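Chemist: give the three-dimensional model of this entry:
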Amino acid sequence: MQKDIDTAACQLGVQTVRPIQRLVITHILESALLSYDKEEDRINRYLILLPTGSGKSLCFQVPTLLLPHPSIIVFPLLSILYDQERRFIEAGIPVFTLRGALSNTKLESIFSSLTSHSILLSNPETLLTERVRRRIKNIRFSHMVIDEAHCVYEWGSSFRPAFKDLGILFEKCDISVLSAFTATADARTVQYLRSSLFLWKEYTLIQESPNRTNIHYRVCPSLSPTATLRNTFTQGNITYLDKKGVENHAPIIYPCIIFANKRRLVERTARLLQVILEKNEIFFYHAGLSEEEKHAVEKAFFKSTQGVLVATCAYGMGIDKPNIRTVIHLLPPLSLSAYLQESGRAGRDKKPAYAVLFFSPLRSYGDEIDHYCTSCSCRRETLLQHFGYKSELCSACDVCDQAKHRTEALREILGCISACPTCFTKKNVIALLGGFLPRNIVQQIDPTFMWDGILSTWFPYEIEEALDQLIEHTILKAQGNMRNPILSLEKSFLHKK
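Modeler: Predicted structure coming up:
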């Protein structure tokens, strides 16, 4: 079986199958190929959670080439559907796409043409029409795939109820395996899928940590996202003051996607950037465009190496542009699931990338988004914990960058205080480290004193904050007037050294 998997992957243009991909593919194949006289022992429902950029499409593409009967793949958006259709055609795989406007004659022709290894592509609404369901019931299928399955939860309960009936379709038809794929699913989403898609039947969960170690996460407080964005592209990097007044920078590296929540804001932002950047590679994308316009934008941006795309959430899912370097959200999305999904458009080629989220500190965006934006905890840790994963060593986020900055100064602060006269107060130490102490006083301490101005890039209140932490953790001893105490190293700390 493993050689067959490698051969099928090569046919799809993939030379190496990752271990997690091989695990998923093997589970699907073994489940589908079990004989029906053992059906009562067969777990034939799978929920696969793989992070954006991990190659989850291969996990359902390969089985279609190896299973004995046709497969059904359901996509939430036509843009994803057409992209997958193109890939199957390029690989020489028989693929048929269901469109709502198909005549009964054409529909009948499609179903009569289905053979082993052929693929039927559809969105939920078309698949669940009476005339399509009637034909599906008359054919045996090996595999039914629900791609971007988080949409079952996010959209199925509101404006696209057809998502909720996909599980019932699987139950009533002769289909061997049902698998649902997504990059993001918190506990609420998993519970909803269990009830509405798997109908409380037993299922197998296969998952990989959603941690994208190559993405640097930043949050940018802003009372005017448009003004902040304008300054960002004028200067070539994101410059802002955090809640402590510290200036931070995040570079703008192209290609770049900017997500906005309204069509009007998308178009207005694109026009603004065209004026600022004076370049032609500024695109916009939303559901109000015609299919021809969407396809033209997708094609142009896919080829672009220096472009900027301003888009609603209508763009992104299933669009495999690997070299996006920066993703900016003008406003927070509705959930952390949506944010992880959309920010995951960055760095699919595994190279360093940035995800920047603008938010107003005067507004509430819901508990989970508010916590992510305002917490002093690591951004990556907050994301992982929300999805039930243990925190991992952070490779890059704005919170940890600042924490590292303070930690790196520990040696300088302790060295300075150990070399200072015993009568030096906190204000003296702050002035000395920051380079504010008159030179003649420094000379009186020691002509070769090396700590003068060692933290000159810090604001005085930052140095004071660091000193307070060291006092709190009994590394430094404070005596006398508590507003301006005399500082020294704690004896207990000296003994530890």
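Chemist: when you work out contacts or count neighbours from here on, use the C-alpha atoms and nothing else.
Modeler: Will do.
Chemist: ok, Gln207 to Phe436 distance?
Modeler: Distance, Gln207 to Phe436, using Cα to Cα, to the nearest Å: 54 Å.
Chemist: cool, Glu85 as well?
Modeler: Relative to Phe436, Glu85 is positioned 66 Å away (Cα to Cα).
Chemist: more neighbours: which of those two?
Modeler: Glu85 (20 against 15; other Cα atoms under 10 Å).
Chemist: what is the helix or strand where the more buried one lies packed up against?
Modeler: Following DSSP states H and E, one finds Glu85 within helix 78-90. In terms of contacts (3 or more Cα pairs under 8 Å, 6 or more residues apart in numbering; DSSP states H and E), helix 78-90 is packed against strand 95-97, strand 119-122.
Chemist: quick one: distance of the very next helix or strand once past the shortest one to the chain centre.
Modeler: Which is strand 95-97. Next helix or strand after strand 95-97 toward the C-terminus (DSSP H and E): helix 104-113. Distance, stretch centre to chain centre, for helix 104-113: 40 Å (Cα atoms, centre = their mean, to the nearest Å).
Chemist: swap in stretch 174-192?
Modeler: The answer for stretch 174-192 is 18 Å, by Cα atoms, centre = their mean.
Chemist: again with stretch 331-349
Modeler: 4 Å.
Chemist: so how far does that stretch reach from one end to the other?
Modeler: 26 Å.
Chemist: repeat that for stretch 370-380.
Modeler: Start-to-end, stretch 370-380 (Cα to Cα) is 15 Å.
Chemist: number of residues surrounding Phe259?
Modeler: For Phe259, using other Cα under 10 Å, the count is 28.
Chemist: bridged to it, which residues?
Modeler: Note on Phe259: beta-bridge partners Ala311, His329, judged by DSSP bridges.
Chemist: so it touches Ala311, yeah?
Modeler: Yes: assessed by Cα atoms under 8 Å, Phe259 is found in contact with Ala311 at 5.1 Å.
Chemist: okay, and the common contacts of those two?
Modeler: Val266 (Cα atoms under 8 Å, 6 or more residues apart in numbering).
Chemist: give the rounded mean pLDDT of stretch 355-371.
Modeler: Across stretch 355-371, the average pLDDT comes to 92.
Chemist: low-confidence regions, the stretch 351-497 of the chain specifically.
Modeler: Applying pLDDT under 70 to the stretch 351-497 of the chain flags the ranges 392, 395, 403-409, 421, 444-450, 491-497.
Chemist: all the helices of it, residue numbers only.
Modeler: Using DSSP state H, counting those that start in this stretch, the helices found in the stretch 351-497 of the chain span residues 367-374, 379-386, 398-408, 410-419, 426-434, 439-445, 460-472, 491-496.
Chemist: how about these in a markdown table, adding distance to Leu121 and mean neighbour count?
Modeler: What follows is those, written out as a markdown table (distance: least, Cα to Cα, whole Å; neighbours: other Cα atoms under 10 Å):
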| stretch | distance to Leu121 | mean neighbour count |
| --- | --- | --- |
| helix 367-374 | 35 | 16 |
| helix 379-386 | 33 | 20 |
| helix 398-408 | 42 | 15 |
| helix 410-419 | 59 | 16 |
| helix 426-434 | 65 | 22 |
| helix 439-445 | 76 | 12 |
| helix 460-472 | 58 | 16 |
| helix 491-496 | 66 | 10 |
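Chemist: of the ones you listed, which approaches Leu193 most closely?
Modeler: Of all these, it is helix 379-386 that lies closest to Leu193, at 17.6 Å by Cα to Cα.
Chemist: so what secondary structure elements neighbour the closest one?
Modeler: Counting by 3+ Cα pairs under 8 Å, 6+ apart, helix 379-386 packs on strand 215-221, helix 336-343, helix 367-374.
Chemist: how close does the nearest residue to Ala346 once chain neighbours are set aside sit to Ser304?
Modeler: Nearest non-adjacent residue to Ala346, counting by Cα to Cα, 6 or more residues apart in numbering: Ile324, 4.9 Å away. Distance, Ile324 to Ser304, by Cα to Cα: 10 Å.
Chemist: any common contacting residues for those two?
Modeler: Taking Cα under 8 Å, 6+ apart as the contact rule, Ile324 and Ser304 both touch Pro255.
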